[in-house]
Structure formats: structure tokens, C-alpha cells
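# Show me how the following folds:
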Amino acid sequence: MLTLLRWTAPLLLFATTAACAEPATPCIISSEPYFARYDVVSQTGIPCSARLGEDVGLEVYPGASGGAPTIAVQSQALKNLWFEAKFNGKDLGDQRAYALGDFAESAGPDGICRAGDLAPAEIDLPPTQIFDDLGNPFFVGGGHVRETWRNLAMYVAPEVPGVRFAAELEVEDLTQGCTVKYTVAALSPSAYCGEFGDFTDLPKDVFCSPVPTQTFAGLHPGSGIDPRIATRCDEATLRCVLVGDPLDPL
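Below is the predicted model:
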């Protein structure tokens with residue numbers, strides 16, 4: 001599903017004693033899901049449950065007629081709401097489960113690729129009426145959620161695509177009447193790092209290594225995460241998360 005960005009290498013070489021400038025690094029993203037760890041910045045309205053983190057999908061599409069590329073950002077929460085609508089035969093019309101906006105074609109001198117203003121993602125899904133065994137009706141599911149992504153940026157290098165990104169996220173639960181703002185640090189691929197325990201899975205930092213690990217239950221596959229990226233297993237989500245700033249050079 002991923003569309004890699006197109007970039008054009010210099011076609012002409014001039015005989016000159018001046019040093020040749022290196023081509024800009026293209027803004028290529030990961031083809032795998034990111035795990036986005038959220039930190040709450042503020043919360044307004046009635047108290048509501050804040051998200052700890054979730055899988056987030058990115059896709060980039062080349063611009064038409066030399067225009068800027070477009071980036072789409074979709075959270076697992078809105079993806080689930082969209083699938084709920086499809087499963088129950090609900091028509092969402094032109095509602096989008098993903099934020100959409102301009103994206104840089106190549107990184108700046110600092111190695112950072114930045115997105116422009118992204119149009120919010122918003123799903124308004126009425127609850128579904130179902131019936132119990134006695135024929136009594138009740139309602140399940142549904143929700144009205146708007147997500148606004150801001151200041152999305154990722155570090156890229158010629159040998160490393162954008163497997164980390166930073167952003168700000170505002171989630172408005174318009175059904176409950178609450179708004180939560182987060183800072184986001186995301187890493188791809190999304191990797192589970194819990195080990196089976198007596199009552200619950202336990203975090204294991206070694207499961208974030210790209211090297212397979214032998215456990216009492218068998219061989220745990222490597223995480224697939226670039227070994228140059230410092231990671232740890234987050235106790236709250238049991239997912240591999242970044243140590244340090246997502247925009248730090250490798």
C-alpha cells in the first residue's frame with residue numbers, strides 16, 4: 001500500500017573545480033506500522049480515558065504535476081471505528097479515518113522531513129442497535145472522534161528511511177465531551193516486547209533487539225528495529241519505544 005516518493009538525481013555534470021553538492025535525502029517513510037507512544041500535555045472537558053499509545057499507519061503519495069507529496073496519518077483507534085462501521089453496514093459517506101496534508105519531498109539541511117498543516121481525521125458513527133436473546137433492543141459501539149495531527153516531523157538519512165517521527169496530537173471525543181492533547185514519539189516497526197508471566201506479561205527490553213532471543217518458551221524473533229536506535233520495553237504498553245528524541249541523528 002505504501003507509495004514511495006519519487007526523487008530526481010542530477011542529470012548533468014559540469015567540469016568545474018568547485019565541490020559538488022550532495023543531493024538532498026528523499027523523505028521515504030517506513031512501510032511497516034509505527035508504534036506511537038503518547039504523553040498527555042493537557043485535558044479539557046469531562047474526565048475521559050487518555051491513550052497510552054497505539055499503532056499508527058503512514059502513507060505518502062507523490063504530488064501531481066510537480067506538486068508537493070501528500071501524507072496520510074491513521075491511528076488504530078479511528079481505523080477500528082471505520083471497520084466497525086463497515087462491519088455493521090454503516091455508510092460513512094466522505095468521512096475520513098486519516099489526517100491528510102502536504103509532506104516534504106526531501107529533507108532539509110538538518111535531515112528533517114516535515115509535514116504541513118494536516119486536515120483532521122474525523123469519524124461520526126452512531127451506535128448500532130442489536131437485540132439480546134429475549135428480543136430486547138440495546139445499543140453498542142459507535143462514537144464521534146476527531147483527531148488533529150500537528151508538527152509531524154521525522155529524521156531521515158541516505159541509509160535510513162524515516163522509521164521515527166515526532167508530532168503533536170489532539171483527540172476530541174465529541175460524544176463524551178472531552179479533549180486530550182499529546183506529544184507523540186513513534187517508532188517503526190511496531191514490536192511487542194512482553195514475556196509471559198504468572199498473571200500478566202512482563203516487559204523485556206531484550207525483546208526490542210533485532211537479534212532473536214532464546215526464552216523458556218522458545219525462540220523469540222528479532223524486533224526488526226534498526227540496531228542503531230536506542231529502545232526499551234514500555235511497561236504500560238509492552239511495546240518497544242524510543243529512548244531519547246525521535247529527531248536525534250543516528
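# For K204, list the residues it contacts.
In this structure, K204 makes contact with 193-195, 213, 233, judged by Cβ atoms under 8 Å, 6 or more residues apart in numbering. Placement of C-beta: from N, CA and C, glycine included.
# Repeat that for I71.
Under the criterion of Cβ under 8 Å, 6+ apart, the contact partners of I71 comprise 29, 58-61, 100-103, 115, 118, 152.
# Counting neighbours, which of those comes out on top?
For the contacts of I71, counting by other Cβ atoms under 10 Å, the largest number of neighbours falls to A115: 27 neighbours.
# Quick one: low-confidence residue ranges for the protein.
1-21, 130-131, 134, 136-141, 197-198, 216-217 (pLDDT under 70).
# So which residues of it form helices?
For the chain, helices defined by DSSP state H occupy the ranges 76-87.
# Centre-most residue in it?
Central residue of the chain (Cα atoms, centre = their mean): V56, 2.8 Å from the mean position.
# In the sheet, which residues pair with that residue? Tell me.
For V56, the beta-bridge partners are Y34, S75 (DSSP bridges).
# G45 too?
So, taking DSSP bridges as the rule, G45 has C178 as bridge partners.
# Tally up the residues packed near it, please.
By other Cβ under 10 Å, 13 other residues sit near G45.
# Who are the contact partners of it?
176-179.
# repeat for G194
Taking Cβ under 8 Å, 6+ apart, one finds 201-204, 207, 233, 238 in contact with G194.
# coming back round to it: wouldn't the residue nearest to the centre of the chain be in contact with Q76 here?
Yes. Under the criterion of Cβ atoms under 8 Å, V56 lies in contact with Q76, with a separation of 7.0 Å.
# Please identify every residue contacting each of the two.
Residues touching both V56 and Q76 by Cβ under 8 Å, 6+ apart: none at all.
# I'd like the contacts of G194 laid out as JSON lines, including distance to K90.
JSON lines is the format used below for the contacts of G194 (distance: Cβ to Cβ, whole Å):
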{"residue": "D201", "distance to K90": "34"}
{"residue": "L202", "distance to K90": "40"}
{"residue": "P203", "distance to K90": "38"}
{"residue": "K204", "distance to K90": "40"}
{"residue": "F207", "distance to K90": "38"}
{"residue": "C233", "distance to K90": "38"}
{"residue": "L238", "distance to K90": "32"}
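# and of those, the nearest to G143?
Closest approach to G143 among the contacts of G194 (Cβ to Cβ): L238, at 25.2 Å.
# shouldn't that closest one be in contact with F207?
No. Counting by Cβ under 8 Å, L238 sits too far from F207 to count as a contact (9.2 Å).
# show me what contacts P47?
Applying Cβ under 8 Å, 6+ apart, one finds that P47 lies in contact with C178.
# For E172, see how far away it is.
Taken as Cβ to Cβ, to the nearest Å, the spacing of P47 relative to E172 amounts to 15 Å.
# can you check Q95 too?
Between Q95 and E172 the computed distance is 14 Å (Cβ to Cβ).
# Just want to know which of these two has more residues nearby.
Counting neighbours by other Cβ under 10 Å for Q95 and for E172 shows that E172 has the greater number, 20 against 15.
# If we ignore the residues flanking it in sequence, what's nearest T237?
On the basis of Cβ to Cβ, 6 or more residues apart in numbering, the spatially nearest residue to T237 that is not a chain neighbour turns out to be G53, at 4.8 Å.
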